[in-house]
Structure formats: structure tokens, C-alpha cells
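Q: Only the shape, not the letters, is given here:
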């Protein structure tokens, strides 16, 4: 790791400064949505559908309205009067706020009870009587496009099937030809299961409409407050909400992971209720509502094919995918990318030809397709390429590490144009894999595995050498509902040399209050402890698209550096004024300008700040502040190599991760401790879908595992001792050479684990195991192969 | 996760608690550690008009040895059991069991009596208590009565406790020398109910053969399952991989698990077999002082 340029007092980049936000979290002084109490606040609870697909024949609220404390029940017809019963999704699809005639998934919002306290609201919900007539549901995505399937979105004029979109990328004919010419072709079906972010804080809001001023304030669990404000203004303009009178506040957020990007019906109902009633309304989901109704992630049915020469050189990749979006496409992708950035599926390999296609379908499940700790379908893409690479290695009887080394894009090829159109900024994939192999002792492990196999013991080694694509994104291609995906920073340096920096993003645990302060410290030499970072209040923060897809450092972080550099330029003029020399005669080191050749003649950044308010030269405006809206020229492409060692219990099928080495490369690092924390957490969230988590539905559309009883979020007890290390390959286009890192581990870990399990069973003829790899699934394989205890 | 309304009672004597329970009958529930009851109420899967909290009644939390009997107060916390040196020394199977119940936060509140009185075949103590041939003391309007553990579990969520009765003590005969026990649980993750779990408590004779074996299974039927045939098979046999395997096979025959998210019936039955063998092996190792 490079030596930091700044002192520990300044704590610019490279210092493992303790997180500034932690004292309040550790002492229980955080301020989450559910902590907010406003005078006269009412509470909302939601009646949800027990059926996946049903006609609503009637809603009887008479008993509910008699429950002491219940004030009102809001249903679809109520909202329809204000034309608020439907809303757009971020993917330009439409979604019900409350139904007027039909429910489309189990746990869908049916109506909402407003009461004076949370208990009365819950009693009210129980007292509402809804008469349903069940309809035939579409549950299996593979059957959704059959002519016999009922058409779900009859609300859309002329809709005759359940297809949402067909999207394709790449040169199909050249790819087909490469497959024809290939020595070896392998194919594999794989399902990336439906999972849920399960953030510890569920979703909720406090909507507060002031009837006198007409101002609406919504405290909301959102990762993108500015975008939400604009959506509210666009959607509810007809009822008198105007953007300057809408304030979205995202207070402390207890985990987002993409699940707090969409607009959920509950937010809209609570807001509508506050506007109508004129009182603050609080709505906070419980755990089961969160798991059962909020946007899911993944649910990709993939068919992948990889072509190669006999020597292992990959020549072409072809992928066909079915994407189950539930009853509405409520993904939160950049608008031009219905399948997100799935086209990163060529991964770390120099594959000359590729073609990928994705069909999105409607089913009677909750809407979604969000990017769970992932830059829009990158997890699916990485699982696909890393799994099929191992299938190829198995077919060629090649070591999976050697096959990867042979096909990596070589360091001198960057910037590298991929077959599916991306320009990878920088990489050194071989170095990362070699480092991981050295740390774990790869060659020795292979020997141990051979010995264990001879004794009938099951041990496997799995590799994942992933490349991510994060930091959306360049405005040429990236927008959400037309709003370009730049991000922003505004810095004000106060007279005493302390600063406040506001950003368009919103931390949900990432540590922005620390890392952003360190960026400003690096650029200005003001100690990071004296840089106050604020985000999440649309009345004060500059406009930005929010935090998800590992975009904060690549976009807002870059804006922070650019704004700080503007300030430094002005400070230089102030220093020249104070030192009575030309700005050209000054040299900068973190925290001060000194005269060339006379290092004892200097002015600190604090001197300059004071002068900006007390002694600024004629012709210069007072003050020391700057704003930057940063439009990244490209995305950043973090990468890494992970190696996992598993042992399998032949009696129970239980998979135990013995070791897991993660070598990550996210370019230049702001705070090594926070990066390690991101990797640790990400690996755990990557292990979860590999071994534990899945949301399934029965054939009637009943959710299976809709609580933490069966949705198996790992604890520390399931988590192995991660071994993390780094290589550093800076991004050439980012202002300080950084890449996003928050999602690398979530993306990279699942195939390493799956590959290790398959490797443990490879000698039995096993080529693939679907995730999550549960003990029962493994046991069935062991029994079939005759090796169960 | 918001319960419907109930009245809360906090008696300070056992007599007062019994009187309250007798007065309210079916509408009342005993609140001990609350770790099963409160989730049921919050999920509105069950209702209770009255909760009688026995938490303020002194003298219900203890672990002691008296006259060859290990006595555990009904309201003894799982964490106390987990940390008890007496339990580790006299009945390590109980220590095995306590430490795999839910998670530490739950164990700080959950009670041994509650774990039994809830009548949930997924709870971990019932199988262990069957293996140990425990007795349960119930205190009710007409005083104390002792219920052998084999008569305690009547059906799913149903026990031999009568309305008005509180489980006040568990009595476990202290195992003789050359005894050993073990509880082996397969769970999807920490805090989960068992996919399958086996309790084995054995005593070995001077020749090293089994003189007694108590074997029972968790989550293997509507009530905790005692594996009588496996127990009978072992008596007189020497511990060996073969005898463990045969006992495991017989144990699996005794169970009738139902399919759920933890696994299909055939998997669970196989796990009962595998885990019984492993529990026996571990129990014998302890009995042999290894």
C-alpha cells in the first residue's frame, strides 16, 4: 500500500481513520426514520393480499372504522379520485399504489389504515374484511410466455402476452460463427435465485404536509432523496405538489443495498394521507412485510455457452436469459439498460465474440429486479461467466486457475474494449489471482485434495476472478427517467478554516461522513476531523442521483475532489495576495502554499480561508466555496480474485468454508479499514445466496420463507474468518484513481463458493450445483452418487 | 409484529400465579422467558387475554444436586444452564443442548421450563429430557405432582400440564459412573430449529457394553420421539461403528418427520439416522472418559 501523502492529523487518503459516524451509532444516538416523532403524528398500517392473483370483490371497512383509534381506511378507489392509484416505476413501467379491482401478488398492498397509534392501526388492519375471488396465477417464469398463460397486465392497452422486454447485445452472427468453428463448446443452465436485501432497517417514512405553507416534508428510507423528490414532483404535480415545496430527508439509514432505491406504495399512500388529513403520518414496515412485498433481486434463469480452442483459449460467449420481474418491472436500472449492466458478462477474459439476450417477463410475484449490492445485474453476469469458466476447465481437464491465467485480458491491453462494448479502464488480473494463490497455498491445497479424495473425503477449491463495472455513470448513456447520472458536491470553507461538504449521494452504512472528509482533507489539507459531511436533505444538499451501484466514490467522491480543487485554486490566489507574490511562484503541499525556494515563507489553507472573509484582494469575491457536478468520463472496473476452500460433511451434506482468501483491487484506497469492512460485509452477503438465502413460491404463488425463520441471513457464526488482501491498479480517469468497492465482494463471492463445492464433487461427475447450496441439495447428490455416509 | 390487546399480570407468589391461571382458565398463558409465546402473539398466530408473568416469583431459578437428583427450577434461564459447572460435570448432554438453543440473546431470557411446557417438538430440551429419563414437577391448585417425562408430551403444542398448573421443576437422576451423553443438532444456521437432532444418554457396564441407553429425537414427529427399539437393541451390545449404525437405523424408523423448508421427509429421516449414530459415538466417548 502506498504511503499516505498527508499526516495522521490531516488524515487524507490512505489513512485508516476511525469512522466519524460510529460514536452516534454505537451509543444508540442514530436518528433513523422510526426515531422521528412529530407532534400530532398518526400511524399507518397496511392490509395485504393473501392471494397471488385475485379479483377484489369488496372491501368492508366498517368494523375497522369502529376500532378505537382508527381514523380512516384508504383504498384504491380513494386514491383513484386523485389519480394516485397507479405510479410509474423507475423503468417506465407502471405499478399500483393501491388496487381498485385486482391484486397481483401475495402481500400486495390492498388498503391502509390510519390510526392514532401503531397498535390501533394493527387492530384496524385485522378488522378490514376483503372479499377476494382467486384468479389463475402465473408463477413459473418459463411458463409466462406460453400462449396458454393468462395475460397479467390487462391494464396495458393491447398487451397480449407477459413479455416486458427483449434486449440483446453483441454481434450474433459473428458469435454463432465462432461457436461453429470452436474445438470445444460447453453449455450450462443456471438459476440465480430470487433473494432479498433484508437490510436490518426495514422501509418506512414519516410524511408531513403543512396545509398552511403547502410544504411537504417526507422523512424516508431512501438511497436517492433527490431523485425521489423529482419523481414526487412529476407524479403528484396534478394535486398541487411543486418541487420547491417538496423536501425529502433521508436520515440515518440502516442498510440499503439497492432495496431503498425504488418508490414503494407505502411511501405514496402515507404521503397522500398526510396531504388529505393534514397531519404527519408514520409508516414503518415490519420484517415480514419487508421480505414479502419489497423489491426482490436477481431471479435470472440463464443459459450460457462458452466456446474455446483445444488449448483453452476462449473464443466466444453466448447467453440467453429469462428475467422474472414480478408483476411490474420495478428494477432501478439506468433507463437505457433494461437488463442493467449484464453485458459485463465476458468478465475478466479476452473473449473476442459475445452475444447476450435477456427477456423480461411478468409473473404474479412482487415487482422488482433491483440491484442488490450490485451495479445492476453484475452479480448475475459474474456468476454466469465464473461458473461456465469452471465448466470449461472441467471439460478440458485443465486447472481452473491455469485456464483463467490463459484467458485474462493482459495488463498491456488496457484500456480494453470488450466484445459487448465496454471500455475497461485498468486491470491486472493475473497479479490478483497469483497473489490469492500464494496466500492460500494453492498448489499445496491441490495435493491435499488429491490425498483426501483417495481417502473418500470431500474437499473443494473454488476460484472467482471477477471484473465489476461500477460508478454509473457517464451522462451520454446513463440516466434515470431522463436525469443524467452525474453526482455532486458543494464545499464551504468557513473563516476559521473548517469546512462543510454536502453531497448528492446518501450513505446507508458506507461511511461517507469519513471517506468524503478524507477526500477533502487530501485535496485541501484541512484535517478530515474538521470537515463536516452532510447528505440526504434535499433542501440543503446539491442535486445528485444517490448511493447504489458502487457509484458514490466514482461520482460524488470525484465531485468532492473537483470542488476542493476549485477551492484550492482560489486559496492559491489568496495565499499569493497574503505573501505578495505571484500565484505561479507558489508550491502546494497538503495544507499549505509556500514560495518556491523559500519554504519558510508560507500560508496555510486556514490562513487563506480567514483571508477569504477578512482580507480578500480587490476584484475577488469574498468567501471560499465551490460546487462541482461531476460527469464521469467512463465507469470504473474494480476486480479481484477470490479462492475458497470447502469441506463437505458426507453424512449431512453440510458445506463448511474452511478458508476464503479475497484479493481485491479497487484502485487507490481512501480508507483501508473501511474498504476491509466493505469486503468483509460483502463476502458475508455473497456467501448468503451461495449457501443460505432464497425466496421461493409454491405453485399458487404463496411465498416460502417470508420471515427470518426461513430466510436465512447469515450471522457471525456462519461466517468464516475472511482473509483479505489488495492489489492497487488505479483508475486512469478518476480524479484520484479510485474505483468503487462496496459491491465487489457480494458479486465475486458466490461463484467462488459454488465452484469450490462443484470442485469437491467433480470426481463424481458433478458439473454444476445451483445456489443456494443447501445441505439437503448436496446430500441428494451424495446419495445419487453412492457416497453419502 | 403488533400483538392484539391482553391483560398483564405479575404475581409475586406461586399461589397467586396459580390462582390467576385457575381464574382465567383457557384465556390465560404463563409468561416465562417469553421467547416462544411473544412471537406467537406478535405474529397474531395466537392470542391470550391474560398473560401471567411468573418472572417476579422468587425461588424458581436454580440448578442443584440433591440426593442423586439434579434439580432445575422451571424458570432457570438457558444461559444459566449453559454456564453451569454442575451441569457440565453431571449432565454434559444438557450443556450441549442449551448451547444450541436459538442464540445467546434468546438464551438470556428463555427458560428450561418454557422450552418443555410449550410442547413444541422442535424445541431442543424435550429430546434431551427423554434421553435422561427426567421428571417434571407441576404446581397447581391442588399442590405439586410429578409427571414422568414419557407422559408429558401429549401432542403438538400439548403437554400433560392442566389449566392452572405451572411447570416448576425438572428432576434428572444423576447418571451413574461410566455414563455419557451428547446432543447433536443439524441446523441450517444458528438460531434455527433443528432439521434433525439426536439426544443420546448411555451407561456402560464393567465390560464396556451398554447397560442403558436413552435415545430421543427433536423435530422428528408431532411430539418428541423416544427411540425405544434403538435403546433396546443397544443394551448388552458393545459400542462400535456397527452398533451405532444399527441404532441409528432403528431410530430413523421410529421417526415421522414432516417436510418443511428444512428438508423433505426422506432427508430428515436420514439425518435422524446419521445424527443418532454421531450422538451415540460422542456419548460413548464421554462415558469412556475420552
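A: Received, thanks. Keep in mind the model is a prediction, meaning the values are calculated, not measured.
Q: From here on, just use CA atoms for contacts and neighbour counts.
A: Will do.
Q: contact partners of stretch A:227-235?
A: Outside stretch A:227-235, the residues within contact range by C-alpha atoms under 8 Å, 6 or more residues apart in numbering or on different chains are A:87-88, A:241-243, A:246-248, A:263, A:538, A:544-546.
Q: would you turn those residues into TSV with neighbour count and pLDDT?
A: TSV is the format used below for the contacts of stretch A:227-235 (neighbours: other C-alpha atoms under 10 Å in any protein chain shown; pLDDT from 0 to 100):
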residue	neighbour count	pLDDT
A:87	22	94
A:88	19	93
A:241	18	89
A:242	18	92
A:243	17	94
A:246	21	97
A:247	21	98
A:248	27	98
A:263	24	94
A:538	23	98
A:544	29	97
A:545	27	95
A:546	29	96
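Q: quick one, what contacts residue A:666?
A: A:637, A:638, A:639, A:727, A:728, A:729, A:730, A:738, A:739, A:740, A:741.
Q: just to revisit the earlier point, can you list the contacts of stretch A:227-235 in JSON lines and add distance to chain B and secondary structure?
A: Below are those laid out as JSON lines (distance: C-alpha to the nearest C-alpha, whole Å; DSSP: H, G, I helix; E, B strand; the rest coil):
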{"residue": "A:87", "distance to chain B": "28", "secondary structure": "strand"}
{"residue": "A:88", "distance to chain B": "30", "secondary structure": "strand"}
{"residue": "A:241", "distance to chain B": "33", "secondary structure": "coil"}
{"residue": "A:242", "distance to chain B": "36", "secondary structure": "coil"}
{"residue": "A:243", "distance to chain B": "36", "secondary structure": "helix"}
{"residue": "A:246", "distance to chain B": "32", "secondary structure": "strand"}
{"residue": "A:247", "distance to chain B": "30", "secondary structure": "strand"}
{"residue": "A:248", "distance to chain B": "27", "secondary structure": "strand"}
{"residue": "A:263", "distance to chain B": "23", "secondary structure": "coil"}
{"residue": "A:538", "distance to chain B": "32", "secondary structure": "coil"}
{"residue": "A:544", "distance to chain B": "36", "secondary structure": "coil"}
{"residue": "A:545", "distance to chain B": "34", "secondary structure": "coil"}
{"residue": "A:546", "distance to chain B": "31", "secondary structure": "coil"}
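Q: Dump those to JSON lines, plus distance to residue B:129.
A: JSON lines is the format used below for these (distance: C-alpha to C-alpha, whole Å):
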{"residue": "A:87", "distance to residue B:129": "57"}
{"residue": "A:88", "distance to residue B:129": "58"}
{"residue": "A:241", "distance to residue B:129": "65"}
{"residue": "A:242", "distance to residue B:129": "67"}
{"residue": "A:243", "distance to residue B:129": "66"}
{"residue": "A:246", "distance to residue B:129": "62"}
{"residue": "A:247", "distance to residue B:129": "60"}
{"residue": "A:248", "distance to residue B:129": "57"}
{"residue": "A:263", "distance to residue B:129": "52"}
{"residue": "A:538", "distance to residue B:129": "60"}
{"residue": "A:544", "distance to residue B:129": "61"}
{"residue": "A:545", "distance to residue B:129": "59"}
{"residue": "A:546", "distance to residue B:129": "56"}
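Q: domains for chain B, by residue range?
A: B:7-56, B:63-173, B:179-285 (automatic domain parsing).
Q: helix/strand/coil for the residue of chain B positioned farthest from its centre?
A: Computed with C-alpha atoms, centre = their mean, the maximum C-alpha offset from the centroid of chain B is found at residue B:207, amounting to 31.2 Å. Following DSSP: H, G, I helix; E, B strand; the rest coil, residue B:207 is assigned to coil.
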